Each structure stands twice: as C-alpha cells, then as structure tokens.
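In: Dropping a prediction and its sequence here:
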Amino acid sequence: MAKVVVIYSGGMDSFTVLHRALRDGHEVYALSFNYGQRHVKELEVAHQVTTQLGLPHKIVDITAINELIANSSLTSSDVDIPEGHYEEVSMKSTVVPNRNMILLSLAIGYAVSIEAQAVYYGAHSGDHAIYPDCRPEFVKRMNDVSQIANYQPIEIAVPYLDCDKGEILKDGLAMGLDYRQTWTCYNGREKACGKCGACVERLEAFAANQVTDPLPYE
C-alpha cells in the first residue's frame, strides 16, 4: 500500500480524486489550503468528509501569501466573481497567480516529510482553457522537478488530466459517491449561485450524466 498526499479542496474534482486514490488502495493523507478564497466553505466540507472517512487531514493557513498574489476574484472582495462559462475571457479574473505551483510545492514537501510516494491533484481538461497551471505541459514539468527537488522523488499524479468534469463525475458516480458532500460555487454563500464558472461547469457535468445535482441552488 503506497502512502500518498491528496490536495483536497472540498470541490467535486478533488473529492473524486480523493476517493480514486482510496479505491486504488493507497494510504491517503489529505491536505487542504486556506489561501483566502472567498469560497472558504469548501474547507468546511473537506473537514467533514475526511472526518467521516477517518483520514489524516491538514488544513494549512497560507493566507499571508495574499500580500503577494492579489487581484484574483477568488481572493479579493474588490473584484466581482464573473458569471458564465470557463472558456470565456472574463474567467481569467479567477486565476490566482501561481496557485498550483505553490500548493504543489507545499504538498511535495509534506509528502517527503511523511515518506509518501506521490501527490495527487485534480487538474482536468475543462481547466485547460483558463488555468495554465492545470495544463499537461505544466504537470509534466512539475513532475520532472519533483523527481529531483529532494533526495526522495515524488510523483505528481493527475488521474483526470485528460478528462472533462462530466467524465470525472461519471467515474465518481460509478464509485457510488455522494456529491452532496462537495462544494463548488465560487461564491461562498448558503446556496450555490448557479451562475459562476464553477457552478456552470458543474451543472453541465450533471446534465451530461443525466443526473440531478443534489446541491441546493439560489
């Protein structure tokens, strides 16, 4: 049984990745980050899920980095969350500068310290249009660096890199997962907005699988 670190935001993609790692027989250590995201509700969901599963789970506060990486609508209340589809140019405001490189670097360090073999994260093809740090070329180079950055090489595992959100959901449904245990909406309100890029893509994924999303929407 391999020990692995899963970067677990509490969203539906990382929720599926978490269970994929468990299904593959790995000893999972979940790692979440509070980077000042407006949808911090996702961390509460992540805590509930890992507690229910009895998994080791760390939530690391890295909000101090917002002094350096500002101007994203996900972290700044001065920038409106855009509505629409991820492929629209307006969605670039949701990019948090260098986020995945930062999170992966911290996760790799954690993996080395607990003698894990890999770090899992949930990049997928639906993110490629807007998020450079979810594209195959980024993943490849991060994996190359992760092999040589420490005495212990760490693999960057991205099981859904070439899948869209509908395909990820299909795999999760096949595993019998309950997506009420996830939070996707960029607006961290009581109910999901149904209009931000994250909600639009999530609803498309459920429609593609001919299943009703169990989350309540405004």
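Out: Structure received.

In: So G122 sits against G10, correct?
Out: No. Using Cβ atoms under 8 Å, G122 is not in contact with G10; the gap is 11.0 Å. Bear in mind the C-beta positions are built from the backbone N, C-alpha and C, glycine included.

In: I would like the residues contacting the biggest strand by length in the chain, please.
Out: The single longest strand within the chain, with elements called by DSSP state E, is strand 27-34. With contacts defined as Cβ atoms under 8 Å, 6 or more residues apart in numbering, strand 27-34 is touched by 1-10, 18, 21-22, 40, 43, 46-47, 50, 55-63, 103, 106-107, 110, 114, 116.

In: Check stretch 17-26 too.
Out: Applying Cβ under 8 Å, 6+ apart, the contact partners of stretch 17-26 are 1-4, 6, 8, 28, 30, 49, 53, 55, 118, 120-122, 157, 159-160, 171-172, 175, 177.

In: CA atoms of it as PDB?
Out: The C-alpha trace of stretch 17-26 is given here as PDB (Å, rounded to 0.1, in the frame of the first residue of the first chain):
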ATOM      1  CA  VAL A  17      -9.600  12.200  -6.800                       C
ATOM      2  CA  LEU A  18      -9.600  11.500  -3.000                       C
ATOM      3  CA  HIS A  19     -11.800   8.500  -3.500                       C
ATOM      4  CA  ARG A  20      -9.900   7.400  -6.600                       C
ATOM      5  CA  ALA A  21      -6.700   7.200  -4.500                       C
ATOM      6  CA  LEU A  22      -8.600   5.300  -1.800                       C
ATOM      7  CA  ARG A  23     -10.100   2.900  -4.400                       C
ATOM      8  CA  ASP A  24      -6.600   2.300  -5.800                       C
ATOM      9  CA  GLY A  25      -5.600   1.000  -2.400                       C
ATOM     10  CA  HIS A  26      -3.400   3.900  -1.300                       C
END
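
In: quick one: buried residues of it?
Out: Within stretch 17-26, the residues that count as buried by 16 or more other Cβ atoms under 10 Å are V17, L18, H19, R20, A21, L22, H26.

In: Next: stretch 185-200.
Out: For stretch 185-200, burial by neighbour count (16+ other Cβ under 10 Å) applies to 185-188, 192-200.
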